[in-house]
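Engineer: My questions are about this predicted structure, shown below with the sequence.
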Amino acid sequence: MKKIIQTAALLGLLTLGATSCDKTLDELTINENKPNAVPAALLLTGVLNNVYEAPNSQYEVWGQYYLHNYDYYGNNRYDFGSGTAYYTTLKNVDLMEQQALAVGSPAVNPYAALGNFFRAYLFTRMSLQMGDVPQSQALLGSENLTPAYDPQKAVFVQAFKWLETANTDLGALIEGGTTTVSGDIYHGGDLRKWQRTVNTLRVRLLVELSKKNGDADLNIAGQFAAIVGNPAKYPLMASNADNLQYTYVEATNNFYPNNNRNFGQDGSRKNMAATYVGLLTQLHDPRVYATCEPARYYVDNLKQSPTDFASFVGADPGLDMGVMYNNAGQGRYSFLNRYRYFRTLTGEPSIQLGYPELCFNIAEGINRGWASGNAESYYTAGIQASMASYDLPTSGTYTAYFYRPGATDVKVLSNYDTYVVPVNYATYYAQPSVQYAAGVDGLTKILQQKYLALFRHSGLEGYYTYRRTGVPAFSTGPGTGNSGRIALRFRYPTSEQTANTDNYQAALTSQYGGNDDINGAMYLLK
């Protein structure tokens, strides 16, 4: 009996061994204790976290909003390094769509529609930073490890096609009764808001191409007029409630980039920039009370009122950092408002694509003659929406909170002095420096107000506004480096030099004279 059992066991082991030998290497390396498939909803959440651009980065420095005065943590130079590559995130977008189909979703489903949005969003984001980028041959894995670079024009043409498809598919889903998607941390799963976001991005990209309005292939004015003139087919953001924004939550993602835990690092080692603060004070703009602190030297030494616009002073970005550090130590510059940005761990929502920007983009397009309409109405709507985001009333008072010198805890409300300041939008708008006018003067005002509204939001859009238009005027000097120039682009990732050498060199030759030049003008700037 014992011999029979041993023989049976041996046969069993031989059978198991034969089965194992039939498995592929991929099958043998699968860890059965870990999930091998991720739901589309979870992938969407990951993608949304990956596309988020936070404040308190070099982007704010290069937009001349907020500057380093202490070189241990950074500098204000325009010595751009590599742009950001989003190919891993884009692979997850593909996987998200595949997982949706794998569980039986129809071809037209929320994840596929959002996938087209993300492709347009991320490929153009890379292109805006660097110029031509691999697109049509990208994401093929082992099928093509050395993708060719698509011309920037082709990248945008394809992006507009993706956005058209996304809008059409979202419209069909909503009309058919599918109005939500799982895994969405921005719009709470509301596909109606996502459709507005899709078309708002398209308006942004058309404005980014303003210098190419005469290109028939792009048809910028035609696309713009079709979108703005047909809200039933192309719904757009209608208020701040539609903003695509990353919201910090106390119990989970509570680490707003500026907060009371890193106050010692950022509170005084960065200060406001004159480009931003100077424009606010020039316009007697009440937003300065919400975003800035008065410069204590002028309040405490020169006895100016803390609410006097002359008490808010930013540093010239071109200053030598040693000089800036010394001036900051003397209290000669305004700092970021402690009450709004440092008092809590959650700060304010970080807008990635917002309604105020949309209003200014539409106003710009109408000003440029791309469509009929009232540019002033969009211009004023943009200003009012931006002010409303700071809780500034149309007519009434605003309570400004300024951190008291010598206080030791930014979390404690009693450490703030409060000032009630009158706010009246009609008075603000009546200023000749604010009130809209047709032509070049009106366009300059639109761009200035857009720049102000983008403070702390939307990544590099403030810098892109300057790069494309020269508005507002940026400052240069020893502190900004790059031989007194504002860099025009980021370099390609260093991995391209060795992993995709031939295509990398071809892209440089066709665009920038063979050099990965941060001062080279890409297609959309010519």
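Structural biologist: Happy to help now that I have it.

Engineer: low pLDDT regions in this structure?
Structural biologist: Applying pLDDT under 70 to the chain flags the ranges 1-36.

Engineer: Would you mind finding the longest helix in this structure?
Structural biologist: helix 152-175 (DSSP state H).

Engineer: how big is the angle separating the helix or strand immediately after that one in the chain from helix 152-175?
Structural biologist: Toward the C-terminus, helix 152-175 is succeeded by helix 191-208 as the next helix or strand (DSSP states H and E). Taking axes from the mean of the first three to the mean of the last three C-alpha atoms, to 10 degrees, one finds helix 191-208 and helix 152-175 inclined to each other by 160 degrees.

Engineer: got the angle between the next helix-or-strand element following helix 191-208 and helix 152-175?
Structural biologist: Downstream of helix 191-208, the next assigned helix or strand under DSSP H and E is helix 220-228. Helix 220-228 runs at 10 degrees relative to helix 152-175, counting by the same axes, to 10 degrees.

Engineer: Just checking the distance from helix 220-228 to the centre of its chain.
Structural biologist: Relative to the chain's own centre, helix 220-228 is displaced by 23 Å; criterion: C-alpha atoms, centre = their mean, to the nearest Å.

Engineer: Just list what the helix or strand just after it packs against, helices and strands only.
Structural biologist: Using DSSP H and E, the helix or strand that follows helix 220-228 in sequence is strand 244-246. Applying 3 or more C-beta pairs under 8 Å, 6 or more residues apart in numbering; DSSP states H and E, one finds that strand 244-246 contacts strand 350-353. Where you see a C-beta, it was placed from the backbone N, CA and C, and this is true even at glycine.

Engineer: Residues touching the strand it packs on, excluding its own?
Structural biologist: Contacting residues not belonging to strand 350-353 are listed as 51-55, 186, 197, 200-201, 204, 243-246, 248, 357, 456-459 [C-beta atoms under 8 Å, 6 or more residues apart in numbering].

Engineer: Could you pull out the helices in the stretch 301-450 of the chain for me?
Structural biologist: Remark: helices assigned in the stretch 301-450 of the chain by DSSP state H, counting those that start in this stretch are 321-329, 338-341, 355-367, 375-389, 425-429, 439-453.

Engineer: Quickly compare the ones you listed and say which is most buried.
Structural biologist: The highest mean neighbour count among those, using mean count of other C-beta atoms under 10 Å, belongs to helix 355-367: a mean of 26.

Engineer: relative orientation of that helix and helix 439-453 in degrees?
Structural biologist: Helix 355-367 runs at 170 degrees relative to helix 439-453, counting by the same axes, to 10 degrees.

Engineer: who's in contact with F360?
Structural biologist: F360 makes contact with Y378, Y379, G382, I446, L447, Q449, K450, A453, according to C-beta under 8 Å, 6+ apart.

Engineer: my bad, should have said Y504
Structural biologist: Applying C-beta under 8 Å, 6+ apart, the residues near Y504 are Y149, Y492, E496, Q497.

Engineer: I'd say P55 and L454 touch.
Structural biologist: No: between P55 and L454 there is no contact under C-beta atoms under 8 Å: 10.7 Å.

Engineer: measure the nearest residue to G396 once chain neighbours are set aside to Y416 for me?
Structural biologist: Leaving aside its sequence neighbours, G396 sits nearest to V423 (C-beta to C-beta, 6 or more residues apart in numbering; 6.2 Å). Between V423 and Y416 the distance is 19 Å, computed by C-beta to C-beta, to the nearest Å.

Engineer: Which elements pack onto the helix or strand where F117 lies?
Structural biologist: Using DSSP H and E, F117 sits within helix 110-130. Judged by 3+ C-beta pairs under 8 Å, 6+ apart, helix 110-130 is in contact with helix 40-51, helix 87-102, helix 152-175, helix 191-208.

Engineer: now, of these, which is deepest in the fold?
Structural biologist: Ranked by mean neighbour count, the helices and strands packed on helix 110-130 are led by helix 191-208 with a mean of 23 (mean count of other C-beta under 10 Å).

Engineer: same for it, what does it pack against?
Structural biologist: With contacts defined as 3+ C-beta pairs under 8 Å, 6+ apart, helix 191-208 has these neighbours: helix 110-130, helix 152-175, helix 220-228, strand 350-353, helix 355-367, helix 461-469.

Engineer: Format the CA atom coordinates belonging to the first one as CSV.
Structural biologist: Which is helix 110-130. The C-alpha trace of helix 110-130 is given here as CSV (Å, rounded to 0.1, in the frame of the first residue of the first chain):
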residue,chain,number,x,y,z
PRO,A,110,-16.7,58.0,-19.8
TYR,A,111,-13.1,56.7,-19.5
ALA,A,112,-12.5,56.7,-23.2
ALA,A,113,-13.9,60.2,-23.5
LEU,A,114,-11.7,61.5,-20.7
GLY,A,115,-8.8,59.6,-22.2
ASN,A,116,-9.0,61.8,-25.3
PHE,A,117,-9.0,64.9,-23.0
PHE,A,118,-5.9,63.7,-21.2
ARG,A,119,-4.0,63.0,-24.4
ALA,A,120,-4.7,66.5,-25.7
TYR,A,121,-3.9,68.0,-22.3
LEU,A,122,-0.6,66.2,-21.7
PHE,A,123,0.8,66.1,-25.2
THR,A,124,0.2,69.9,-25.7
ARG,A,125,1.6,70.5,-22.2
MET,A,126,4.9,68.8,-23.2
SER,A,127,4.9,70.6,-26.5
LEU,A,128,4.4,74.0,-24.9
GLN,A,129,7.4,73.4,-22.8
MET,A,130,9.8,71.9,-25.3
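
Engineer: Next, the angle from that helix to helix 40-51.
Structural biologist: Going by the same axes, to 10 degrees, helix 110-130 makes 20 degrees with helix 40-51.

Engineer: Which positions within helix 110-130 qualify as buried?
Structural biologist: 110-130 (16 or more other C-beta atoms under 10 Å).

Engineer: That one vs helix 87-102, what angle?
Structural biologist: 170 degrees.

Engineer: can you give me the offset of helix 110-130 from its chain's centre?
Structural biologist: 13 Å.

Engineer: Put the buried members of the contacts of strand 350-353 into a PyMOL selection.
Structural biologist: Applying 16+ other C-beta under 10 Å to the contacts of strand 350-353, the buried members can be selected in PyMOL as follows:
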select buried, resi 51+52+53+55+186+197+200+201+204+243+244+245+246+248+357+456+457+458+459
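
Engineer: hmm, who's touching stretch 452-462?
Structural biologist: Contacts for stretch 452-462 (C-beta under 8 Å, 6+ apart): 53, 55, 59-60, 62-65, 125, 128-129, 204, 276, 279-280, 285, 287, 291, 348, 350-354, 356-357, 360, 382-383, 385-386, 451, 465.
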